[in-house]
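Enquirer: I need the structure of the sequence given here:
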Amino acid sequence: MKAVGFDQRISIKHLDIAVKEISINPLKEIYKNLDNELSFDIKGEKSRKNAITMIMKIWYFVEPKYESLRNKYLKEYPTLLKKEKLLVHWCMTCLAYPFFKEQVNFLGKQLRMADDVRSRIVLAAMKNLYGDRRRVEVATGAVFSTIKNWNLVNTVSQGNYQLPNEKLEIHSPQLKQLMVEVLMDHLETNSVTIEMINNSAIFFPFDYHIGIGDIAEQKRFTIIKNIRDTIIERDPKTPYLL
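Expert: This next block holds a predicted model:
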């Protein structure tokens with residue numbers, strides 16, 4: 001049975017705090033300071049511990065293949081615009097939690113076909129992927145609660161979600177490269193077309209267009225053109241952004 005893991009709302013404020021702590025402090029101090037900061041919003045010790053565990057999985061205990069990527073955005077985080085920070089959190093959460101990634105991908109597909117989506121439709125899809133169990137219900141609600149906290153979806157009525165009036169525009173080539181990484185991770189491949197990236201449902205809250213120029217300077221990627229498609233290939237042996 002597939003692991004779920006995503007069991008409560010993750011606040012954007014808490015992620016911001018975590019990035020700052022991880023950038024300057026050793027592990028023991030990070031846990032101590034996060035516990036102190038989160039205690040203002042999460043009173044229950046168990047819930048607070050769970051939130052810290054999830055946050056650390058997103059930003060600290062990343063898979064080895066994404067450590068160079070994580071390190072880059074820890075360094076650059078203070079210089080990013082608010083909407084760019086949201087995208088980075090979104091991408092890092094997708095890399096850390098397949099459940100989150102699969103739910104937002106399904107939600108994005110549904111929002112292409114309708115102005116609003118009922119949570120029960122999404123829950124049924126997630127149960128189909130992860131099993132009909134209480135943990136899946138909790139996780140589905142936690143993902144919705146999280147992306148609502150990030151102001152990336154709005155509630156029309158109870159259990160009914162829609163996009164905000166405007167998507168968040170993304171122009172940075174480096175952030176677009178991060179989006180390519182996330183899509184490849186989702187598809188479990190080292191090769192995608194430009195069309196696949198620009199039409200990916202995973203990034204439904206964001207307004208972007210990725211072209212060859214956004215990818216060309218990244219040595220990790222190779223651009224291949226043929227008659228029908230422009231293909232981006234990733235060399236997993238080349239670290240991110242070297």
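Enquirer: List the buried residues of the helix or strand hosting Lys75.
Expert: Here Lys75 sits within helix 67-76, counting by DSSP states H and E. Within helix 67-76, the residues scored as buried using 16 or more other C-beta atoms under 10 Å are 69-70, 72-74. C-beta coordinates here come from the backbone N, C-alpha and C atoms, glycine included.
Enquirer: cool, stretch 31-50 as well?
Expert: Buried-residue list, stretch 31-50, by 16+ other C-beta under 10 Å: 31, 33-34, 37-38, 42, 48.
Enquirer: before we move on, what about stretch 126-140?
Expert: 126, 130, 135-136, 139-140.
Enquirer: what do you get for stretch 222-239?
Expert: Residues 222, 231-232, 234, 239 are the ones in stretch 222-239 that count as buried (16+ other C-beta under 10 Å).
Enquirer: Out of these, show me where the pLDDT dips lowest.
Expert: Within the set of these, pLDDT is lowest for Pro239 (80).
Enquirer: So that one, which state does it fall into?
Expert: coil (DSSP: H, G, I helix; E, B strand; the rest coil).
Enquirer: looking at it, it is touching Ser68, isn't it?
Expert: Yes. Between Pro239 and Ser68 there is a contact under C-beta atoms under 8 Å: 4.4 Å.
Enquirer: so after whatever helix or strand Asn105 lives in, what's the next helix or strand?
Expert: Secondary structure from DSSP H and E places Asn105 in helix 98-113. Proceeding N to C from helix 98-113, the next assigned helix or strand is strand 116-118, under DSSP H and E.
Enquirer: Mind listing what's buried along that following strand?
Expert: Neighbour counts over strand 116-118 (16+ other C-beta under 10 Å) mark 117-118 as buried.
Enquirer: ok, it: who's next to it in the sheet?
Expert: Strand 116-118 has the following sheet partners, assigned by DSSP bridges: strand 160-162 (antiparallel).
Enquirer: what's in contact with the strand it pairs with?
Expert: Strand 160-162 is contacted from outside by 107, 111, 115-119, 144, 148, 153-156, using C-beta atoms under 8 Å, 6 or more residues apart in numbering.
Enquirer: what do you get for stretch 66-76?
Expert: 19, 22-23, 59, 62, 88, 92, 95, 174, 178, 181, 239-242.
Enquirer: The same query, at a cut-off of 10 Å, please.
Expert: Outside of stretch 66-76, the residues within contact range by C-beta atoms under 10 Å, 6 or more residues apart in numbering are 19-20, 22-24, 58-63, 80, 84-85, 88-89, 91-92, 95-96, 172, 174-175, 177-178, 181-182, 185, 220, 238-242.
Enquirer: sorry, back to before: between the buried residues of stretch 222-239, which is nearest Gly213?
Expert: Of all those, Gly213 sits closest to Ile232, with 12.3 Å by C-beta to C-beta.
Enquirer: For the helix holding Asn105, name the packing helices and strands.
Expert: The contact analysis (3 or more C-beta pairs under 10 Å, 6 or more residues apart in numbering; DSSP states H and E) places helix 98-113 against helix 82-96, strand 116-118, helix 119-130, helix 134-149, strand 160-162, helix 173-187.
Enquirer: Only the buried residues of it, if you could.
Expert: Buried, per 16+ other C-beta under 10 Å, within helix 98-113: 98-108, 110-111.
Enquirer: cool, and stretch 136-154?
Expert: By 16+ other C-beta under 10 Å, the buried positions in stretch 136-154 come out as 136, 139-144, 146-147, 149-150, 152-153.
Enquirer: Hmm, Ile147 and Ser119 touching each other?
Expert: No. Using C-beta atoms under 10 Å, Ser119 makes no contact with Ile147, being 11.7 Å away.
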